[in-house]
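Novice: The following comprises the amino acid sequence and a computationally predicted model.
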Amino acid sequence: MRKRCQWCNLNNPLYISYHDNEWCSLNLDDKYLLEMLILESFQAGLSWECVLNKREYFKIAYDNFDINKICKYDDDKIKELLENDKIIRNKLKIKASINNTKIFKNIQKEYRSFQNYLKKFTNNEVIYEINKTTNNLSDIISKDLQKRGMKFVGSTIIYSYLQAVGLIYSHDEDCFLYKEVDNINE
């Protein structure tokens, strides 16, 4: 049996699949970057496993994370989301997800993509580190996003986000996916 990061619940096939195939795997597609930003913001105060278990329902509720549709969500859609017992029904997080999506879209316009915005901070490099929940990069990006008006994007959430999209590589030393360095341009 393969050793995995200690946080990975081996009794949850979704979690194992996420750990093995997605977490810390570089994916800078803007649609994916938006999906993960929304999902990570819902994690605040909860476990990632809780959010992950509801991911498919979020996909349905959020129109497959279509940025243009989310930007047009109104009070009726907010009410619909609040009544959807398959997702996390936190009014502040729901409103923040819509607001954050609008800001995400503005950042895309400014930088031609959200990926380009992130590259401004990362210099196109992946950080390899373990046993952290924040770092200088997550602090800087968090502050910039908050300055732009995003909510639920504190440094810990942004650190988790950067791990999720593969800009921070954090597999435990005894995990079968552990590595210390890679070339992002390969």
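Specialist: Cool, the structure landed. This structure is a prediction, so every number in the text was calculated from the model and none was measured.
Novice: now Tyr159, nearest residue through space, not along the chain?
Specialist: Take Tyr159 and drop its neighbours on the chain: the residue closest to it by CB to CB, 6 or more residues apart in numbering is Ser138, 3.8 Å away. Where C-beta positions appear, they are placed from N, C-alpha and C, glycine not excepted.
Novice: Do I have it right that the one you found meets Thr156?
Specialist: Yes: A contact is recorded between Ser138 and Thr156 when judged using CB atoms under 8 Å, the distance being 7.4 Å.
Novice: tally of neighbours for the residue nearest to Tyr159?
Specialist: 26 (other CB atoms under 10 Å).
Novice: OK, contacts around it?
Specialist: For Ser138, the contacting residues are 155-156, 158-159, 162, 168, by CB atoms under 8 Å, 6 or more residues apart in numbering.
Novice: Tell me the pLDDT of Val181.
Specialist: As predicted, Val181 sits at a pLDDT of 79.
Novice: what's the answer for Glu186, then?
Specialist: With respect to pLDDT, Glu186 scores 40.
Novice: same thing with Asn124?
Specialist: Asn124 is assigned a predicted lDDT (pLDDT) of 89.
Novice: what's the answer for the one 4 residues further on, then?
Specialist: According to the prediction, Tyr128 has pLDDT 96.
Novice: And the top helix by length along the chain, what does it pack against?
Specialist: The helix spanning the most residues in the chain, taking DSSP state H as the definition, is helix 91-111. Applying 3 or more CB pairs under 8 Å, 6 or more residues apart in numbering; DSSP states H and E, one finds that helix 91-111 makes contact with helix 30-43, helix 67-71, helix 75-83, helix 114-122.
Novice: so which of these gets nearest Lys102?
Specialist: Evaluated with CB to CB, the helices and strands packed on helix 91-111 place helix 67-71 nearest to Lys102, the distance being 5.2 Å.
Novice: Need the residues that contact that closest one.
Specialist: For helix 67-71, with CB under 8 Å, 6+ apart as the criterion, the contacting residues are 31, 34, 62-63, 97-98, 101-102, 104-105, 108.
Novice: By neighbours, which of these wins?
Specialist: Most neighbours among the contacts of helix 67-71, by other CB under 10 Å: Ser97, with 27 neighbours.
Novice: so Tyr15 is in which element?
Specialist: Element membership of Tyr15 [criterion: DSSP states H and E] is helix 13-21.
Novice: mind listing what's buried in that helix?
Specialist: 15, 18-19 (16 or more other CB atoms under 10 Å).
Novice: Where does the residue nearest to Tyr159 sit, in terms of helix or strand?
Specialist: Under the assignment here (DSSP H and E), Ser138 is part of helix 136-147.
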